[in-house]
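Q: whatever this is, show me its structure:
(2 chains, ligands or ions: 2)
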Amino acid sequence: MSDSVELVWSRSAVYIHPTKNNKDNIAGYLSLVRPPDGEILISWVPESLIKLSKQDYESYVQVDLSLDGEVTQKNQVFVSKPPSMSVGSLARSSHAFSIKLSDLYSMQMREPSLGWWYGSILLFTKQAETLPVLFFHDDESEVEKRRTKTMQKKRDDWGGEFFMEKLENYVDIRPSTLEKGVYLINPSAQDTLAFAPPVTTSNEVSGPNSAKAATWGDLKWNIFEKLAQVTRYSRKASQSMFDRTPAPLRSMLNIPEVEQLGQDFDSARVFLAEWALGIVQDQEDFQRKNININLNTYDSHFDDFSIVAQSIERRNPVTLEEWESFFDENDGRLTVTAEEVKERIFHGGLEPQVRPKAWLFLLNVYPWDTSAVERASIIAEKRNEYYRLKRKWWENIDMQENDSFWKDQKNRIEKDVLRTDRNIPLFEQSETPHPDPDSRLAQSGANPHLEQMRDMLITYNEYNENLGYVQGMSDLLSPLYVVLQDDALAFAAFCGFMERMERNFMRSQEGMRDQLSTLGHLTNFMLPKLYSHLAKADSIHFFFFFRMILVWFKREFEWDDVLRLWEVLWTNYYSSQFHLFIALAILDLNKAYIIERLHYFDEILKFINELSMTLDLDTVLTRAEELFTKFKLALDLVNWQNNQSEDTKSQTEVTEDLRMLLSREIVDQREQARPPGATGG
Amino acid sequence: MPPKKSMLKVIILGDSGVGKTSLMQQFVNKKFFSQYKATIGADFLTKELTLDNRKVVLQIWDTAGQERFQSLGVAFYRGADCCVLMYDVTNHKSFENLETWHDEFLLQANPLDPENFPFTVIGNKIDVEEGKRQVSAQKAQRWCQEKGNFPYFETSAKEATGVDQAFDVTARNALQQDDAEGLDQEYPDGVDFSQYEQEPSGCAC
Ligand SMILES: Nc1nc2c(ncn2[C@@H]2O[C@H](COP(=O)(O)OP(=O)(O)OP(=O)(O)O)[C@@H](O)[C@H]2O)c(=O)[nH]1
Ligand SMILES: [Mg+2]
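A: Ligands and ions are numbered 1, 2, ... in the order given. Alright, predicted model coming up:
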């Protein structure tokens, strides 16, 4: 039977996810098979393909279910030879593959975690073939169900581990000391040195005069070159970017150990970074000693988002069940880190039922490390505080009648409340006549929510004396009120939001000016072609982003998307100013049109204004994350280059405001005391 | 050869809530919606008019009324051919502030001949009941005469009263200003007319 192979190990419910859409996931079997020639293959075959033969199917099921996934020598099981990658279109279109163990170069294990729903593994071959990511849907696996029943299942184990355990019987697996989760398969001495260097104290390894250091550097250099080739090869492949960036490349750029390894390693890192950014056109062009980064060359290559030094995917929103699982049942404290929760929210957002809970954390109404009891008491405090503040102006009849500033502000607030999100059911026109026909709000009938909005804003006007109410704030408050449906809590959350938004509303407009200017620098740095086009069009004041920045894209996205976007931004996951990367992403997604068609400021303003309600949030978020990743990479590169070059003239200048974009601390810009006689205008 | 068309740039200024957005929408799109959102930043609409056989395109700029937002928004004041100063007849304060709007505009737009730069003044919301009115027509007219014989109109964006007349005169004054500044002069940030007429040819999309 030359066409049959021995099924050594097999596991069901191993999926590939060809698209982001769950509906497209393909279930299959991951297995180790031994052909007659004896060299073991790793194969993945879709279940549907296996089911074509009843006998095969039964064999796969049988091997999967033999609890430790193994069959004994006596009891060999044979199945049809799985399709290999290169044969026939059937294999290609079904995504099935099989590779020789000797061709396996490395693999990356991604444990099931908050961020990744399912554990997954990525296999990298020596030929840099593009293999699909394998996701272990353990919850659907029969064998896991049995292990759970028979109490064999431990808390953290998952399908990928069993695969690796099994694999260890046949190959030498060496964990990379440089990045967690990456394993080298039968590594050569060179590979081991490069990716799994023994963890030593730095003086053992480096030191410019040590002969060891010299070879050490050369060696790494080779490896990096090899990697770079892999990258270039992969670039041509046209599957999802995620599948093709080799894990070692992705990881090299970001890990502290790399930074410690000294200069030669550093240059390798730069080399890699350049590859990742697509700057190096041709390997021969590349001069190791004198890298001249011309930022203008970035732009054209940035179009190619297939190469990003990180995998970027949006995930499902956090469900109520998942949210609750983050907290201890007894005392209500987080059982995971706040960082993990934020990462999760950054990449997936929240389901609507979770928002009233999670937003209070995100907006600093209470800290992440509180217990349920502590939170209840904070809420009680905030509630008292709100009613106390509100009563203060409510009871001050003298001010209400005689203070012209106060009266002005009240008018302004009422006028704006009447014009804010009136399409949202909560704020709709009421048929019931307003009890006080002289109230300005009377024109909307008796709608208590409009009154609440007004009262919260007047209270804020009193609470933040220096700033007072400024137009745009009603736009920021209304989603908080609609989601929280509680005036005192919405007020507390609003105060939290305003901590970072205060800079947008300053009398001098300094905060807005700063942000528009930073956006200009960022565009110049990341999209220089577009920037010089905008300069020709007299538009580098970036005024056309004023609205987007002032109220955080409230007018550009549909209501539900605004809620999603804001919760993502509140995490400060990459940067407290990630909103500027959102703006950059919007520019980037439209730059071709702008450069080709729009030549004057008014045309550009019109075009940008009309993007409103046409933008797809996921696309924008993904692009923003890609741009951030590239930004960080490019800054590293520039830093390195500047460190190399003594000559300050040849250094690339990166302004302080751009460096600040890496900070996760909110930018604290406060309004000054209101000068006597100043109006609220 | 078709007669040469002019692009006339008009800026509407006035306190927040006087009805700038409502008036512009009424004039260009013939509709009134009581819940336009407060304007943030700036936007403009264009409308083609025929004035004594001459075709002109009116580009009407609508801006945010809150003062502090003006400081960044002056980018588009430049090249204006006429400025509409607008107040709300039910709000005396908005009338008092016309002075500031007027001065601020001249300062920022920096026209060649500020003495003769055309302004139009509009008192809006005349549909409201007489008792709520806080500024009389006479008072407003007097101010307009003193400032430089500015044409004065009373409108209701809500009921579309007086809107077309106000813009007709505004457009004529703008055209005169445009001619005075030299018809053939290229606008520094003028608009390529072709985008309003037809898609430019030769586009690969
Ligand atoms: N009765 C009446 N109300 C009007 C009229 N024009 C506008 N309004 C109302 O006045 C309020 C403000 O109108 P907007 O057009 O938004 O005012 P704006 O001047 O553009 O305000 P900002 O954008 O904040 O500068 C809205 O509630 C309108 O419905 C009018 O002619 N009559
Ligand atoms: Mg407006």
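Q: tell me the mean pLDDT for stretch A:188-201?
A: Summarised as a single mean, pLDDT over stretch A:188-201 is 59.
Q: my bad, stretch A:12-29
A: Averaging pLDDT along stretch A:12-29 yields 85.
Q: for that stretch, output the C-alpha coordinates as CSV.
A: Only the C-alpha atoms of stretch A:12-29 are listed here, as CSV (Å, rounded to 0.1, in the frame of the first residue of the first chain):
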residue,chain,number,x,y,z
SER,A,12,-9.4,17.1,15.7
ALA,A,13,-10.8,20.6,16.0
VAL,A,14,-7.7,22.2,14.7
TYR,A,15,-8.9,25.1,12.5
ILE,A,16,-7.6,27.4,10.1
HIS,A,17,-9.1,30.9,9.8
PRO,A,18,-8.7,32.0,6.2
THR,A,19,-10.5,35.2,6.8
LYS,A,20,-11.5,37.3,9.8
ASN,A,21,-15.0,36.0,9.5
ASN,A,22,-15.8,33.1,11.7
LYS,A,23,-18.0,31.6,9.1
ASP,A,24,-15.0,30.9,7.0
ASN,A,25,-13.1,28.9,9.6
ILE,A,26,-12.2,25.4,8.4
ALA,A,27,-12.1,22.5,10.8
GLY,A,28,-9.5,19.9,10.3
TYR,A,29,-7.1,17.3,11.7
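Q: list the buried residues in it.
A: By 16 or more other C-beta atoms under 10 Å in any protein chain shown, the buried positions in stretch A:12-29 come out as A:12-17, A:26, A:28-29. Just so you know, the C-beta spots here come from the backbone N, C-alpha and C atoms, and that holds for glycine as well.
Q: what does stretch B:159-174 give?
A: B:160-163, B:166-167, B:169-174.
Q: my guess is residue B:86 contacts residue B:11. True?
A: No - contact criterion C-beta atoms under 8 Å: residue B:86 and residue B:11 do not qualify, at 10.6 Å.
Q: what's whichever strand or helix holds residue A:10 packed up against?
A: Counting by DSSP states H and E, the element that carries residue A:10 is strand A:4-16. Helices and strands touching strand A:4-16, by 3 or more C-beta pairs under 8 Å, 6 or more residues apart in numbering or on different chains; DSSP states H and E, are strand A:26-34, strand A:41-46, helix A:54-65, strand A:78-80, strand A:134-136, helix A:142-149, helix A:159-167.
Q: and among these, the most buried is which?
A: Mean neighbours per residue, mean count of other C-beta atoms under 10 Å in any protein chain shown, is largest over these for strand A:134-136, with a mean of 25.
Q: partners of that strand, with directions?
A: Sheet pairing of strand A:134-136 (DSSP bridges) gives strand A:4-16 (antiparallel), strand A:119-125 (antiparallel).
Q: nearest to ligand 2, of these?
A: Ligand 2 lies closest to strand A:119-125 among the strands paired with strand A:134-136, at 51.1 Å (C-beta to the ion).
Q: give me every residue in chain A lying close to ligand 1.
A: Chain A comes close to ligand 1 at residues A:418-419, as judged by C-beta under 6 Å from any ligand atom.
Q: care to break chain A down by domain?
A: Chain A breaks down into these structural domains: A:4-194, A:197-227, A:247-312+A:508-662, A:363-505 (assignment by automatic domain parsing).
Q: show me what secondary structure element comes after the host helix or strand of residue A:593.
A: Under the criterion of DSSP H and E, residue A:593 resides in helix A:578-597. The first helix or strand that comes after helix A:578-597 along the chain, using DSSP H and E, is helix A:601-609.
Q: low-confidence ranges in chain B?
A: B:1-5, B:73, B:182-205 (pLDDT under 70).
Q: what segments of it are strands?
A: For chain B, the strands defined by DSSP state E cover B:6-13, B:42-51, B:54-63, B:82-88, B:119-124, B:152-154.
Q: check which helices and strands the third one sits against.
A: Helices and strands in packing contact with strand B:54-63 are listed as strand B:6-13, helix B:20-29, strand B:42-51, helix B:163-180; criterion 3+ C-beta pairs under 8 Å, 6+ apart.
Q: next one: residue B:13 from residue B:45, what distance?
A: Per C-beta to C-beta, to the nearest Å, residue B:13 is found 16 Å from residue B:45.
Q: so these two - more neighbours on which side?
A: Neighbour count, other C-beta atoms under 10 Å in any protein chain shown: between residue B:13 and residue B:45, residue B:13 has more, with 24 against 16.
Q: for the more buried one, what are its contacts?
A: B:20, B:63, B:83-86, B:101, B:104-105 (C-beta atoms under 8 Å, 6 or more residues apart in numbering or on different chains).
Q: let's see that with 6 Å instead.
A: Neighbouring residues of residue B:13 by C-beta atoms under 6 Å, 6 or more residues apart in numbering or on different chains: B:85, B:101.
Q: got the residues of chain B near ligand 2?
A: B:20-21, B:39 (C-beta under 5 Å from the ion).
Q: can we see that at 8 Å?
A: B:16, B:20-22, B:36-39, B:62-65 (C-beta under 8 Å from the ion).
Q: got TSV for these, with distance to residue A:331 too?
A: Formatted as TSV, the residues of chain B next to ligand 2 follow (distance: C-beta to C-beta, whole Å):
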residue	distance to residue A:331
B:16	49
B:20	56
B:21	53
B:22	55
B:36	50
B:37	45
B:38	45
B:39	49
B:62	55
B:63	54
B:64	49
B:65	51
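Q: turn those residues into JSON lines, columns for distance to residue A:508 and neighbour count.
A: Formatted as JSON lines, the residues of chain B next to ligand 2 follow (distance: C-beta to C-beta, whole Å; neighbours: other C-beta atoms under 10 Å in any protein chain shown):
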{"residue": "B:16", "distance to residue A:508": "19", "neighbour count": "21"}
{"residue": "B:20", "distance to residue A:508": "24", "neighbour count": "27"}
{"residue": "B:21", "distance to residue A:508": "26", "neighbour count": "23"}
{"residue": "B:22", "distance to residue A:508": "30", "neighbour count": "24"}
{"residue": "B:36", "distance to residue A:508": "28", "neighbour count": "16"}
{"residue": "B:37", "distance to residue A:508": "25", "neighbour count": "16"}
{"residue": "B:38", "distance to residue A:508": "21", "neighbour count": "21"}
{"residue": "B:39", "distance to residue A:508": "21", "neighbour count": "20"}
{"residue": "B:62", "distance to residue A:508": "24", "neighbour count": "21"}
{"residue": "B:63", "distance to residue A:508": "18", "neighbour count": "23"}
{"residue": "B:64", "distance to residue A:508": "16", "neighbour count": "24"}
{"residue": "B:65", "distance to residue A:508": "18", "neighbour count": "27"}
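Q: and which of these is nearest residue A:182?
A: Within the residues of chain B next to ligand 2, distances to residue A:182 taken as C-beta to C-beta reach their minimum at residue B:37, with 51.0 Å.
Q: re earlier: right, and the domains of chain A - which one's nearest ligand 2?
A: When these are compared by C-beta to the ion, domain A:363-505 sits nearest ligand 2, at 8.6 Å.
Q: the closest one vs ligand 2: in contact?
A: No - Domain A:363-505 stays clear of ligand 2 (C-beta under 8 Å from the ion), getting no nearer than 8.6 Å.
Q: so how far is residue A:363 from residue A:483?
A: Residue A:483 sits 11 Å away from residue A:363, going by C-beta to C-beta.
Q: quick one: which of those two has more around it?
A: The residue with more neighbours, out of residue A:483 and residue A:363 and counting by other C-beta under 10 Å, is residue A:363; that gives 24 against 20.
Q: so who does the closest residue to the more buried one other than its chain neighbours touch?
A: Spatially, and ignoring its direct neighbours in sequence, residue A:363 is nearest to residue A:496 (3.6 Å; C-beta to C-beta, 6 or more residues apart in numbering or on different chains). Each residue near residue A:496 by C-beta under 6 Å, 6+ apart is listed here: A:363-365.
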